[in-house]
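Asks: Here you go, sequence then predicted model.
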Amino acid sequence: MSFEIPVSKIVQGLEPSATLAMSAKAKEIKSNGKTVYDLSVGEPDFITPQHICAAGVEAMKAGFTKYTIASGIPELKKAIAEKYKSDYNLEYNTNQIVVSNGAKHSIHNIFFTTINPNDEVIIPAPYWVSYAELVKLSGGIPVIIPTEESNNFKMTPEQLEKNITPKTKMLLLCSPSNPTGVMYNRNELEAIAEIVIKKNLFVLADEIYDKLVYGNNKFVSFPTLHDKLQERTIIVNGVSKTYAMTGWRIGWTFSPVNIAKKMGELQSQETSNPSSISQYAALAALTGQQNCVTEMLTAFTERRNYVAKRINEIEGLSCPEMNGAFYAFFNIKKHLGKKIGGVLIDNSEKFCLELLTQKQVATVMGSSFGCEGYVRASFAASLDVLKTAYDRIADFIEGK
Ligand SMILES: Cc1ncc(COP(=O)(O)O)c(C=O)c1O
């Protein structure tokens with residue numbers, strides 16, 4: 001080759017998404033004819049409820065197959081606003097809402113619209129893989145605050161305060177959390193909110209798992225905690241997790257009007273509108289019957305209880321109680337330094353790779369969430385798959 005197109009400095013430093021990398025490896029094993037028990041990806045195994053799919057088909061038949069307003073159709077924005085009003089009593093106008101190509105795109109829009117070079121964004125670890133990379137892409141500096149399993153992976157108010165510098169702009173809160181499944185309670189959020197207001201920060205509140213909350217745990221939307229929070233919070237949510245619509249790519253933000261305006265303009269230059277068909281399907285999801293959400297939650301609850309029991313039964317594994325989302329984040333530190341199947345397991349990446357190679361169970365290493373010594377395993381899989389997967393994890397650990 002005599003010429004190679006050089007890649008930009010900004011993408012040179014970009015880490016590929018580890019969850020997608022593990023699932024690519026799992027697909028490779030599958031293509032060799034082996035069954036893979038895939039606990040690596042963060043998506044419901046259910047198919048999108050039929051009435052939502054039907055709305056997508058109807059939209060196509062009715063000719064809603066053209067460009068829409070870049071920031072989303074007014075009907076969908078209205079339905080989004082009404083949902084947060086009825087669920088959390090939060091008032092938003094439609095000019096505060098931007099509909100994007102999935103919540104990940106919404107998060108990218110937020111960083112791009114609010115972060116200047118070298119602004120600091122505080123991210124408690126373990127954190128969802130894309131946050132830190134998207135902050136860096138936007139020229140900002142992710143400031144990672146490690147949390148402890150003994151404190152259920154929650155950042156303390158003291159830790160937050162200690163890490164604030166004159167360059168700190170934003171705090172990122174993901175509750176319920178991907179990857180830990182842990183959710184902050186009202187008191188804990190209030191203590192954080194107090195510091196946010198005192199130190200003049202703004203918050204990205206990723207509330208994508210608000211409807212996937214278990215037992216007596218109660219989800220609290222961040223701006224409801226104080227009347228000074230709505231002006232300094234940008235909420236992210238979407239249909240991917242709640243309605244099993246990951247492939248439809250619809251997410252959205254609630255923000256102050258000036259930010260929504262700029263995000264809409266940014267989107268109009270970058271991607272234009274999210275798929276018109278998906279927007280109509282999302283409208284049906286939000287305005288239609290919600291039994292589908294309750295039914296999926298019942299199934300997730302049963303799986304979550306099963307997985308918690310299995311993890312606690314396996315020698316040397318532990319994980320905090322999963323309050324929400326659909327992930328277990330278990331501690332493997334007691335097994336590091338051992339040889340399994342003749343291979344030295346000295347970090348979480350080795351653990352996950354060998355578990356996949358030797359037992360065909362796909363999980364994701366804690367290191368990719370900024371937390372070495374742990375493994376994330378999704379429980380968005382059938383009970384049959386979970387049973388076989390945990391039998392195999394137990395066998396792997398016992399060296400069978
Ligand atoms: C915490 C969190 N935020 C955002 C997203 C992105 O969701 P979407 O599929 O709508 O882009 C995910 C998906 O894994 C997630 O776990």
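Replies: Looks like it came in fine. Keep in mind that this is a model prediction, so the values were computed, not measured.
Asks: continuing past the longest helix anywhere in the chain, what's the next helix or strand?
Replies: With secondary structure taken from DSSP state H, the chain has its longest helix at helix 291-313. Following helix 291-313 in sequence order, the next helix or strand is strand 327-331 (DSSP states H and E).
Asks: now for that next one, which elements pack on it?
Replies: helix 291-313, strand 374-378 (3 or more Cβ pairs under 8 Å, 6 or more residues apart in numbering; DSSP states H and E). For every residue, glycine as well, the C-beta is placed using N, CA and C.
Asks: closest one to residue 82 among these?
Replies: Nearest to residue 82, of all the helices and strands packed on strand 327-331, is helix 291-313, at 15.9 Å by Cβ to Cβ.
Asks: now for the closest one, which elements pack on it?
Replies: For helix 291-313, the packing partners by 3+ Cβ pairs under 8 Å, 6+ apart come out as strand 327-331, helix 383-398.
Asks: Dump these to TSV, plus mean pLDDT and distance to residue 340.
Replies: Below are the helices and strands packed on helix 291-313 laid out as TSV (pLDDT from 0 to 100; distance: least, Cβ to Cβ, whole Å):
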stretch	mean pLDDT	distance to residue 340
strand 327-331	98	16
helix 383-398	97	6
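Asks: Report the secondary structure state of residue 195.
Replies: For residue 195, the assignment made with DSSP: H, G, I helix; E, B strand; the rest coil gives helix.
Asks: ok, now how distant is it from residue 176?
Replies: Between residue 195 and residue 176 the computed distance is 21 Å (Cβ to Cβ, to the nearest Å).
Asks: now residue 354
Replies: 29 Å.
Asks: Contacts only, for the closest residue to the ligand within the chain.
Replies: Here the residue of the chain nearest the ligand is residue 102; by Cβ to the nearest ligand atom that distance is 2.9 Å. By Cβ atoms under 8 Å, 6 or more residues apart in numbering, the contact set of residue 102 is 238, 240, 246, 249-251, 274.
Asks: Look at residue 195 and residue 176 and report which has more neighbours.
Replies: residue 176 (27 against 15; other Cβ atoms under 10 Å).
Asks: In contact with that one, which residues?
Replies: 182-183, 209-210, 212-213, 219, 323-325.
Asks: Can you name the two of these that sit furthest apart?
Replies: By the measure Cβ to Cβ, 182 and 210 form the most distant pair in the contacts of residue 176, at 14.4 Å.
Asks: Compare the two and say which is more crowded by neighbours.
Replies: Regarding residue 182 and residue 210, a neighbour count based on other Cβ under 10 Å identifies residue 182 as having more, with 26 against 22.
Asks: Wasn't residue 51 part of a helix?
Replies: Yes. Counting by three-state DSSP, residue 51 is located in a helix.
Asks: and it, how many residues sit next to it?
Replies: 13.
Asks: That one against residue 289, yeah?
Replies: Yes. Using Cβ atoms under 8 Å, residue 51 is in contact with residue 289, at 7.1 Å.
Asks: Put the buried members of the contacts of residue 176 into a ChimeraX selection.
Replies: Filtering the contacts of residue 176 down to the buried ones (16 or more other Cβ atoms under 10 Å) takes a single ChimeraX command:
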select :182,183,209,210,212,213,219,323,324,325
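Asks: Around the ligand, pick out the residues from the stretch 251-400 of the chain.
Replies: Neighbours of the ligand within the stretch 251-400 of the chain, by Cβ under 6 Å from any ligand atom: residue 251.
Asks: and the gap between the residue nearest to residue 316 when sequence neighbours are not counted and residue 356?
Replies: Nearest residue to residue 316, sequence neighbours excluded (Cβ to Cβ, 6 or more residues apart in numbering): residue 334, at 3.6 Å. Residue 334 is 20 Å from residue 356, where distance means Cβ to Cβ.
Asks: between the two, which one's more packed in?
Replies: A side-by-side neighbour count of residue 334 and residue 356, using other Cβ under 10 Å, places residue 356 first with 22 against 13.
Asks: Secondary structure class of that one, three-state.
Replies: Recorded secondary structure, residue 356: helix (three-state DSSP).
Asks: give the contact list for the nearest residue to it once chain neighbours are set aside.
Replies: Leaving aside its sequence neighbours, residue 356 sits nearest to residue 362 (Cβ to Cβ, 6+ apart; 5.2 Å). Residue 362 makes contacts with 22-23, 25-26, 36-40, 352, 355-356, as judged by Cβ under 8 Å, 6+ apart.
Asks: now residue 139
Replies: Counting by Cβ under 8 Å, 6+ apart, residue 139 makes contact with 115-119.
Asks: and if you look at residue 107?
Replies: Contacts of residue 107 by Cβ under 8 Å, 6+ apart are 130-131, 134, 204, 206, 236.
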